[in-house]
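S.K.: predicted model and sequence follow; I will ask about them next.
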Amino acid sequence: MKNIKALGLFVLAALVSLAAAVYAASWVAGRGSMDTDKVVVAATDIPLGSKIIPTMLSTSDWPRGSVPEGAFKDIQRLQDRVVKVSVLRGEAVLEGKLAPEGTKGGLAAIIAPGKRAMSVRVNDVVGVAGFALPGNYVDVLVNAEQEQGGKPQEKRQISMTVLENVLVLAVAQEAGRDETKPKVVSAVTLELSPGDAEKLDLARSVGSLSLVLRNQIDKDAVTTAGITKNQLFGTAEPAPASAPVKVAAAAKPAVQRARPASQPSAATCVEVIQGGSRSFSCF
């Protein structure tokens with residue numbers, strides 16, 4: 001009886017093993033017969049702004065029905081192209097991740113059309129303690145003295161936001177966006193419109209700048225009037241000196257001079273001499 005049970009278990013194990021082998025063989029055969037295409041992928045991490053060379057690339061089998069749009073099949077077609085976003089190892093290199101043909105490598109390749117890149121000096125505090133990394137968005141604040149009433153001698157300290165939702169292109173001379181560790185640097189490069197570049201240039205000439213890190217998905221603009229030192233400490237703002245008002249003098253009534261009466265014309269006189277006396281007769 002024991003031998004029959006052992007034999008039954010042996011037969012059952014053999015059938016299970018045979019079924020598993022048949023299933024594995026059919027799965028391998030199915031994989032071998034699957035339609036695939038060669039797709040160019042990154043053989044190593046490619047930082048944004050880098051010019052592609054063949055050693056950075058390789059090809060990989062990709063299911064024909066799921067080849068991403070814009071993929072390449074020939075490595076030579078990517079010779080000297082520049083990536084405008086970072087491409088990770090094993091990731092397909094797509095046309096949408098590349099700068100236009102003829103673009104030179106470097107930071108200029110990743111600036112959006114109509115935008116400009118501008119660098120500003122920062123320190124460990126101004127640079128958000130090193131957490132403002134490439135790809136982050138920041139607001140720019142200026143702390144300056146503002147003239148009141150157009151009088152240079154009357155100034156008030158004010159801090160206000162001058163730019164919002166500004167993209168950080170690079171920190172120091174590095175534009176890689178795959179870092180997560182804070183880095184203290186001496187300069188930050190921002191992507192700005194021409195008008196915002198002028199505003200930032202003026203702001204850094206009249207006061208000190210600070211960066212405020214913001215959530216990457218928060219695109220809402222918030223308009224503020226800034227804050228003065230008196231508002232910060234809860235003291236009353238000094239009343240602005242009023243400009244002297246010029247009061248027009250009342251017009252004096254014109255004094256009309258009476259015209260003198262017409263003088264009678266000089267009379268005609270005749271000297272008369274009679275017996276040693278003289279007289280005049282006028283008529």
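M.R.: Thanks, I have it. Remember, it's a predicted structure, so these values are computed and weren't measured experimentally.

S.K.: can you show me the helices along the stretch 151-283 of the chain?
M.R.: In the stretch 151-283 of the chain, the helices defined using DSSP state H, counting those that start in this stretch lie at 194-206, 229-233.

S.K.: most tightly packed of these?
M.R.: helix 194-206 (a mean of 14; mean count of other C-beta atoms under 10 Å). Quick note: C-beta positions are derived from backbone N, CA and C, even for glycine.

S.K.: contacting residues around that helix?
M.R.: Taking contacts as C-beta atoms under 8 Å, 6 or more residues apart in numbering, the residues outside helix 194-206 that touch it are 116, 118, 120, 140, 142, 144-145, 162-163, 166, 190, 192, 209.

S.K.: before we move on, the earlier item: where among the helices of the stretch 151-283 of the chain is average confidence lowest?
M.R.: Lowest mean pLDDT of the helices of the stretch 151-283 of the chain: helix 229-233, a mean of 82.

S.K.: roughly how far is it from the heart of the chain?
M.R.: Computed by C-alpha atoms, centre = their mean, to the nearest Å, the chain-centroid distance of helix 229-233 equals 29 Å.

S.K.: export it to CSV, keeping only CA atoms.
M.R.: Written as CSV, here are the backbone C-alpha positions of helix 229-233 (Å, rounded to 0.1, in the frame of the first residue of the first chain):
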residue,chain,number,x,y,z
LYS,A,229,9.6,98.5,7.8
ASN,A,230,6.8,100.5,9.5
GLN,A,231,4.2,97.9,8.4
LEU,A,232,6.5,95.1,9.6
PHE,A,233,6.8,96.6,13.1
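
S.K.: report all helices and strands that that helix contacts.
M.R.: Applying 3 or more C-beta pairs under 8 Å, 6 or more residues apart in numbering; DSSP states H and E, one finds that helix 229-233 contacts strand 151-171.

S.K.: give me the angle between the strand it packs on and helix 194-206.
M.R.: Calculated by axes from the mean of the first three to the mean of the last three C-alpha atoms, to 10 degrees, strand 151-171 forms an angle of 120 degrees with helix 194-206.

S.K.: pLDDT below threshold where in the chain?
M.R.: 1-3, 27-34, 123-127, 129, 149-154, 173-184, 237-277, 280-283 (pLDDT under 70).

S.K.: if we go to 50?
M.R.: 245, 247-265 (pLDDT under 50).

S.K.: out of the contacts of helix 194-206, which is nearest to Ile217?
M.R.: Of all the contacts of helix 194-206, Val166 has the smallest distance to Ile217: 15.3 Å, by C-beta to C-beta.

S.K.: neighbours of that closest one, just the number please.
M.R.: Neighbours of Val166 under the rule other C-beta atoms under 10 Å: 22.

S.K.: how near is the residue lying closest to it once chain neighbours are set aside to Lys97?
M.R.: Distances taken as C-beta to C-beta, 6 or more residues apart in numbering place Leu190 nearest to Val166, at 5.0 Å, with adjacent residues excluded. Leu190 is 23 Å from Lys97, where distance means C-beta to C-beta, to the nearest Å.

S.K.: more neighbours, those two?
M.R.: For Leu190 and Lys97, the more surrounded residue by other C-beta under 10 Å is Leu190, and the numbers stand at 24 against 18.

S.K.: specify the beta-bridge partners of the more buried one.
M.R.: Met118, Val168 (DSSP bridges).

S.K.: residue contacts, it?
M.R.: Contacts here follow C-beta under 8 Å, 6+ apart; on that basis Leu190 touches Ala117, Met118, Ser119, Val120, Val138, Val140, Val166, Leu167, Val168, Leu169, Leu200.
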